[in-house]
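Asker: Predicted model and sequence below, questions to follow.
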Amino acid sequence: MLAAGACAVLAAGCGIQGTDVIEAGAPAGIGVADARGTWPLLYLLGPHGELTPVIRSNPFGMETGTAEYKLGPDPLVRLLMAGPTDGEKGAGLTTGLPVVKRLEGLRIDQDGTGAGAAGSESEPESTAIRLTLGIPVRPLSAAARQQLVCTLATDLAQGREATVTLTGTDGTLEAETCRVRRSSY
């Protein structure tokens, strides 16, 4: 009898009544701050295939004497193509790119376009980046292409609009822009 009474109390709860689902809008987005002058910023894929910015602190174990250093675009692409670290894998991060330990035929070219008025020394409004890889690019998924595009655009465009054209052993793809919203802070 006592057990039945205890079950009745537990079943009744604490007097808190259930509610319906409350709509709160779209899921939160990721804002990406400008990464110039900091540790390398790569884009990997999160547990649900979403682009996720990842900072690699001191990826080569260098004794830099400072907390930050700037890695050039060539080693940055090589880091991305080497795939996630064990720690990143443990956090559920993956890559859509083929893991390539020795990437041959890598070339990165960059042009600024849309500069201010003729004769002005203002910064270009946009950056065109061409990435040549020694692998086929046509089979790359949209997410894999965005990993490359966003990693390079964040590194090279320095806050400006950027388009990235990928060329591989099987031809050239249409230019793409990074679809991750950039933060203004």
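Answerer: Cool, got the structure. Note that the structure is predicted; figures quoted are calculated from it, not measured.
Asker: Okay, and residue 146 sits in which element?
Answerer: Secondary structure assignment for residue 146, by DSSP states H and E: helix 142-156.
Asker: isn't residue 170 right up against residue 140?
Answerer: No. Counting by CB atoms under 8 Å, residue 140 is not a contact partner of residue 170; they are 10.2 Å apart. Glycine gets a C-beta too; all of them are placed from N, C-alpha and C.
Asker: higher neighbour count, these two?
Answerer: Between residue 170 and residue 140, counted using other CB atoms under 10 Å, the more crowded position is residue 140 (20 against 11).
Asker: Quick check: residue 179 vs residue 163, distance?
Answerer: Distance from residue 179 to residue 163, counting by CB to CB, to the nearest Å: 12 Å.
Asker: Which one's more surrounded, the two?
Answerer: Neighbour comparison, residue 179 and residue 163: the larger count goes to residue 163, with 18 against 10 (by other CB under 10 Å).
Asker: residue contacts, that one?
Answerer: By CB atoms under 8 Å, 6 or more residues apart in numbering, the residues touching residue 163 are 126-129, 175-177.
Asker: you'd agree it is in a helix?
Answerer: No. Counting by DSSP: H, G, I helix; E, B strand; the rest coil, residue 163 is not found in a helix; it is strand.
Asker: ok so, going back, from the contacts of residue 163, which is closest to residue 158?
Answerer: Using CB to CB, residue 127 comes nearest to residue 158 of the contacts of residue 163, at 7.8 Å.
Asker: For the closest one, give me its contacts.
Answerer: Going by CB under 8 Å, 6+ apart, residue 127 touches 110-113, 153, 156-158, 160-163.
Asker: So it belongs to a strand, correct?
Answerer: Yes. Under three-state DSSP, residue 127 sits within a strand.
Asker: Name the residues linked to it by a beta bridge.
Answerer: When bridges are called by DSSP bridges, residue 127 pairs up with residue 112, residue 162.
Asker: do you know how far it is from residue 155?
Answerer: Applying CB to CB, the value for residue 127 to residue 155 is 10 Å.
Asker: Could you list the low-confidence segments of the protein?
Answerer: 1-38, 58-71, 112-124, 181-185 (pLDDT under 70).
Asker: mind listing the strands for it?
Answerer: 41-45, 51-55, 107-113, 126-132, 161-168, 171-172 (DSSP state E).
Asker: Mind putting the ones you listed into CSV with distance to residue 82?
Answerer: Output for the strands of the chain, formatted as CSV (distance: least, CB to CB, whole Å):
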stretch, distance to residue 82
strand 41-45, 10
strand 51-55, 13
strand 107-113, 16
strand 126-132, 16
strand 161-168, 17
strand 171-172, 24
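Asker: For the nearest residue to residue 129 once chain neighbours are set aside, grab the count of nearby residues.
Answerer: Spatial nearest neighbour of residue 129, excluding adjacent residues (CB to CB, 6 or more residues apart in numbering): residue 164 at 4.6 Å. By other CB under 10 Å, the residues close to residue 164 number 26.
Asker: Many thanks, we can stop here.
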